[in-house]
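Trainee: no sequence on this one, just coordinates:
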């Protein structure tokens, strides 16, 4: 490692790109390895720390460093000083400003630069909690109070006593703000372009006019060098005592504070043991610390006459001082900032003081007398048998200014072994890093971190995954049809994991086509009179989604069209003398278009000329005949590259009797060009090549393949050293391999059956800065966490090869791709899987809640009071992971953050239980009908908190009609659709972990009451994630996984009149499920309790009469469907199986 310092006491580690902090050397006796630093450093001292030696040679080191001399002008600010640069005139107005400087500080707050004008212009550069903030306003605040203000924040942990460079460049409203090597580009708002500053520009603080030495804000405390304002060397002018510079308490040598830090490296074994004077009867400890970790032990001390230790802990980010059952607690402190802590023990009292807060006190039973030592950071293993154990993790972070009983601790003596004892500490350096700078969480995900890794909170973003990379929405209406959805409003994400957000569209799902409909702000008929080319009528169309999203949607569609209704009376579209357009429309790029129908652009004509039926064959449009009667030039625009229409201009209605009426319809598109594309590879040297993958930080790859070859490469992209490859490496093995500079990473999924069986198989590979994963069909997910230190950028420099490699070897062989299932044309519905056969196809409805040849047949059951079904799902395999036990726990916890539930029901009884989940940790989810018939969803994910109750609709659903309920929970967001209701959304708390089954303990009274009453009615098409428990209960009679109580009748909730189709199951009771073998890892019990239907004969006629009416209502507005798309469906299943490893759940309907 390479460390550098200005003082020789406070060191900083040099890091290259990707935060790599080590340099490799030669591997032989006389080789020379050259390293060119990725960025220059300005320093006085260098330190080289060998971290490893060649395993086959002697230890030795020779280093040569090449640099150049560096001269600078330095000013020291003590927190009460400033430099004032006074202008030659009263005020100065600039349209261009350049400010550059370097600074270092040990304080996290302070003003570096400030200037303001009388009309309200200002510019301020200040440190705020270790970050730099630039505030600027160019507008008159009296005329425009807030329009011109802009604030930009950049950098992090800048109070580290090391030099940082700053550059501010402004030209008119454009601002480039650079801190070290990070740059932000912003524009100010408002009307003005110039910055007006009166009298002076101050550096180091904001002095109060007329009161020297008094400042409005906290001053900068530290050093600046090479301070330039618009080419003027401010510090040089101050050193030469020029009259335009006022220097207040500024010196021109940089003072070096003697603050030496130590880094506690390990969260399990770092500690610092410091001795106490045997004669001391009191204890006072003061220190400063900074960390990102929310858990850790900071200090431990034994007190004489006491049986327990005095502990200072970080618990959930808060400081907690405990002794026996007493405790003192502070605010959150795991924010990466320096915090000062003081503890005082004397007599019967212990006090705790944090930062500038007043101290808190705690009373003791006996007089406190400290033992002979104090432990900081953790407990050493040698003291474990003496009762010293870390109640949480050991402290991991930085610490400085340790004072015990008014004696500062000299870390040099500790390092030399002359004072105390320590383990896993690094002295003279604070090794804290901000892993959220830059922010690797995509799609506005919120980044947080611990000492070793970062976390992304994707709540409310519409994305999921370790870095919020994967969209939770389907990419198109065509994809929604494949999940079994009917017409309705849906959220779609046309670019998937791309930068564009999701948007809401209407999906008109018919038997032959699926139309995507996008509305705009003016779909009514518009009447135009009195317009001319000089004063035309102009209408701009604002669509319900952005133009970027529309461009992606249109490009993804097979065909798009937009109807323009145009009625005219003595109003022409073109000048009949010279053909000059009198009316036109603008396309999505803002280009003027003068054709009014058809799919070929550029021709000034209307639909009647294409159909050869214009009323006057001398003209290409009916309106150009200029008749006084109403004529029609309605046409359909269908040239995709020009759609949608963004503006229309009408310019010939200013003559007597002249008038026009028009309407621009919604954008309609159908088809999905990306949903299914098949290519056959007949030779090993065959391939497709495309431009290089843009996959530096994240990439997801999904594909279907079928082959008879034993091996072949699906995809490959190479760089100078980095690469990425997905291949069938053996008949039953798919391999995902990549290298980002840390060495090749290999993930393999092995199937128990050959994959070269000429059937379609699904592969999904993903890699980001946090993890990599590989999914094949429904096999166990292969999962690998990225190292906390190492390269993160995938550097590629060649073409992307599909079905082959750059070497033209090991190519993929697969022919005969077209078939019944190739087009994904809805042959199998409702999650049914199409399987190709030699003479046709079959639909695999295993994971569908429906049955029948095409997975469209409703599966329903009717029950009497007291009937129930319990279905037990056992995990057929364990999720394989290539990572540590600790990361396994993290993954298991995250996998419990998703549920997709769907079912239909019919009842007249209240209250009633529809579905409930109980866990061993007294957590549960319940879907009930309340006394008034309204649907209620209860979630109790933390037994120490009250349950979340969500009522998506207040309507009485116990009205004897069939209702459809669809629920999707993703992290803290829950989406609910009930029959024809619009999608509703609710956020939950942070604790979402489900535990093991404990019966019904902890369930609220109202839920228990609904459960005791049961359910009398009919339920159908029950789906829980990828599982169909109701269907399995009907088909798997006699299975040890199914238990039934009472009389069950298979039925059809939509057509109860057909009594002959019902068959009684009462004589063939499904036996009670045996208890799962305890050896099965993470078994999941999903119990669906279904209560029977009473008065079947009476309800039959009622339902039959309302069936058609109800079908029309449900088709009018349908839910945004949240079932996973094909490439995420398997990941969702594996998430469920990951949760099954540590939980057993019962689902009752």
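Mentor: Here it is on my side, so go on. These numbers were taken from a predicted model, which means no experiment stands behind them. Numbers count the residues shown, from 1 in each chain.

Trainee: Go ahead and list the helix or strand containing residue 132.
Mentor: Assigned by DSSP states H and E, residue 132 belongs to strand 131-137.

Trainee: so what does that strand touch, helix or strand wise?
Mentor: Counting contacts by 3 or more Cβ pairs under 8 Å, 6 or more residues apart in numbering; DSSP states H and E, strand 131-137 packs against strand 122-128, strand 149-154, strand 164-171, strand 174-179. C-beta coordinates here come from the backbone N, C-alpha and C atoms, glycine included.

Trainee: repeat that for 6 Å
Mentor: Other helices and strands packing on strand 131-137, by 3 or more Cβ pairs under 6 Å, 6 or more residues apart in numbering; DSSP states H and E, are strand 122-128, strand 149-154.

Trainee: what pairs with it, and is each one parallel or antiparallel?
Mentor: If you go by DSSP bridges, strand 131-137 pairs up with strand 122-128 (antiparallel), strand 149-154 (antiparallel).

Trainee: Figure out which of those is closest to residue 502.
Mentor: Among the strands paired with strand 131-137, the nearest to residue 502 by Cβ to Cβ is strand 149-154 (27.9 Å).

Trainee: contact partners of that closest one?
Mentor: Outside strand 149-154, the residues within contact range by Cβ atoms under 6 Å, 6 or more residues apart in numbering are 131-137, 177, 179, 182, 184, 186, 188.

Trainee: Check stretch 469-476 too.
Mentor: Applying Cβ under 6 Å, 6+ apart, the set of residues contacting stretch 469-476 from outside is 442, 462-464, 480, 491-494, 496-497, 502, 672, 698, 768, 970, 1125.

Trainee: Which strand runs longest in this protein?
Mentor: Ranked by residue count under DSSP state E, the longest strand found in the chain is strand 339-354.

Trainee: Residue 550 in helix, strand or coil?
Mentor: Under DSSP: H, G, I helix; E, B strand; the rest coil, residue 550 falls in the helix class.

Trainee: Let me know the secondary structure of the nearest residue to residue 808 once chain neighbours are set aside.
Mentor: Once flanking residues are discounted, residue 808 sits nearest to residue 685: 4.7 Å by Cβ to Cβ, 6 or more residues apart in numbering. Judged by three-state DSSP, the three-state class of residue 685 is coil.

Trainee: how many other residues sit next to residue 685?
Mentor: By other Cβ atoms under 10 Å, the residues close to residue 685 number 12.

Trainee: Would you mind stating the distance between it and residue 813?
Mentor: Residue 685 sits 10 Å away from residue 813, going by Cβ to Cβ, to the nearest Å.

Trainee: now residue 941
Mentor: In this view, residue 941 and residue 813 are 50 Å apart by Cβ to Cβ.

Trainee: chain center to stretch 583-591: distance?
Mentor: 36 Å (Cα atoms, centre = their mean, to the nearest Å).

Trainee: and it, which residues are buried?
Mentor: For stretch 583-591, a neighbour-count test (16 or more other Cβ atoms under 10 Å) marks 583-588 as buried.

Trainee: ok, back up a step: what do residue 685 and residue 813 both touch?
Mentor: Between them, residue 685 and residue 813 share no contacting residue, judged by Cβ under 6 Å, 6+ apart.

Trainee: Would you confirm that residue 449 contacts residue 437?
Mentor: No. Taking contacts as Cβ atoms under 6 Å, residue 449 lies outside contact range of residue 437: 9.7 Å.

Trainee: before we move on, the earlier item: which of the contacts of strand 149-154 count as buried?
Mentor: Buried subset of the contacts of strand 149-154 (neighbour count, 16+ other Cβ under 10 Å): 131-134, 136-137, 177, 179, 188.

Trainee: ok, residue 351 touching residue 343?
Mentor: No. Counting by Cβ under 6 Å, residue 351 does not reach residue 343; the two are 7.2 Å apart.

Trainee: need the helices for the protein, in chain order.
Mentor: Ranges of helices in the chain, per DSSP state H, are 234-239, 411-415, 477-482, 547-556, 607-611, 885-895, 1005-1013, 1029-1035, 1096-1116, 1126-1140.

Trainee: ok, and what's touching the fifth one?
Mentor: With Cβ under 6 Å, 6+ apart as the test, helix 607-611 has contacts from 597-598, 614, 620, 622, 635.

Trainee: Okay, buried residues for it please.
Mentor: Result for helix 607-611 [16+ other Cβ under 10 Å]: buried residues 607-610.

Trainee: need the residues you listed in JSON lines with distance to residue 547 and pLDDT, can you?
Mentor: Below are the buried residues of helix 607-611 laid out as JSON lines (distance: Cβ to Cβ, whole Å; pLDDT from 0 to 100):
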{"residue": "607", "distance to residue 547": "26", "pLDDT": "85"}
{"residue": "608", "distance to residue 547": "31", "pLDDT": "87"}
{"residue": "609", "distance to residue 547": "30", "pLDDT": "83"}
{"residue": "610", "distance to residue 547": "28", "pLDDT": "80"}
